[in-house]
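Asker: Sequence plus predicted model, see below.
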Amino acid sequence: MGPRAYSCDQIAVWAARHDNAQRYCLRPSQGDIILVAVDAGSRPCGYALLQQDGHLDHLYIAPDHTRSGLGDRLLADAERHARQIGSQRLFTEASDLARPAFERAGYSVTHRRDFAIDGVAIHNWAMEKAVTSTGHAPSAHQPVK
């Protein structure tokens, strides 16, 4: 999420829901897959979190690396992993900022989700994509230039 699409209040309530790094460390032991992209200096600059049921729970790209194709590569890797674990569909709840990347990757909007967190109105987009058995896309594990 970012200030280009959301208010300071919306960013604050959303960030407060995702402030426990230890929770993320436990996700792989629960069967989730975390794909981490690194830059040319091997520093993390983006990640995607894929659950076993095909739910793409997170897609994050560091601000210095947006509009570089990194989101597209992470989405392609997530799809490849979903295919390997036998998922027939991927689904997510995309922010206004992430929605174009998901659309480029072939996801379709099913509906807008309007809700409140701690009394602050916010929204995102329910999106999904059928997973095909073929296809090839570049890896997110290549250094970002």
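Answerer: Alright, I've got the coordinates.
Asker: What are the boundaries of the strands in the protein?
Answerer: Remark: strands assigned in the chain by DSSP state E are 33-38, 44-50, 56-61, 89-94, 108-117, 120-130.
Asker: I'd like the ones you listed written out as CSV, with mean neighbour count added.
Answerer: For every residue, glycine as well, the C-beta is placed using N, CA and C. Shown next, in CSV, are those (neighbours: other CB atoms under 10 Å):
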stretch, mean neighbour count
strand 33-38, 18
strand 44-50, 21
strand 56-61, 20
strand 89-94, 19
strand 108-117, 11
strand 120-130, 17
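Asker: right, so of these, which gets closest to residue 83?
Answerer: Closest approach to residue 83 among the strands of the chain is made by strand 89-94 (9.6 Å; CB to CB).
Asker: Point to the helix or strand of this protein where mean pLDDT is at its lowest.
Answerer: helix 21-26 (a mean of 80; mean pLDDT, DSSP states H and E).
Asker: residues in contact with that helix?
Answerer: For helix 21-26, contacts defined as CB atoms under 8 Å, 6 or more residues apart in numbering pick out 34, 49.
Asker: Now the spatially most central residue of the chain: closest residue in space that isn't a chain neighbour?
Answerer: Nearest to the mean C-alpha position of the chain, by CA atoms, centre = their mean, lies residue 59 at 1.8 Å. Spatial nearest neighbour of residue 59, excluding adjacent residues (CB to CB, 6 or more residues apart in numbering): residue 48 at 5.0 Å.
Asker: sorry, back to before: of the strands of the chain, which approaches residue 67 most closely?
Answerer: For these, the distance to residue 67 is smallest for strand 56-61, at 8.8 Å, taking CB to CB.
Asker: Give me the pLDDT for the closest residue to residue 10 other than its chain neighbours.
Answerer: Nearest residue to residue 10 in three dimensions, chain neighbours excluded: residue 122, at 5.0 Å (CB to CB, 6+ apart). Per-residue pLDDT puts residue 122 at 89.
Asker: was I right about residue 122 contacting residue 15?
Answerer: No - using CB atoms under 8 Å, residue 122 is not in contact with residue 15; the gap is 11.7 Å.
Asker: need the strands of the chain in JSON lines with distance to residue 21, can you?
Answerer: Output for these, formatted as JSON lines (distance: least, CB to CB, whole Å):
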{"stretch": "strand 33-38", "distance to residue 21": "12"}
{"stretch": "strand 44-50", "distance to residue 21": "12"}
{"stretch": "strand 56-61", "distance to residue 21": "13"}
{"stretch": "strand 89-94", "distance to residue 21": "21"}
{"stretch": "strand 108-117", "distance to residue 21": "20"}
{"stretch": "strand 120-130", "distance to residue 21": "22"}
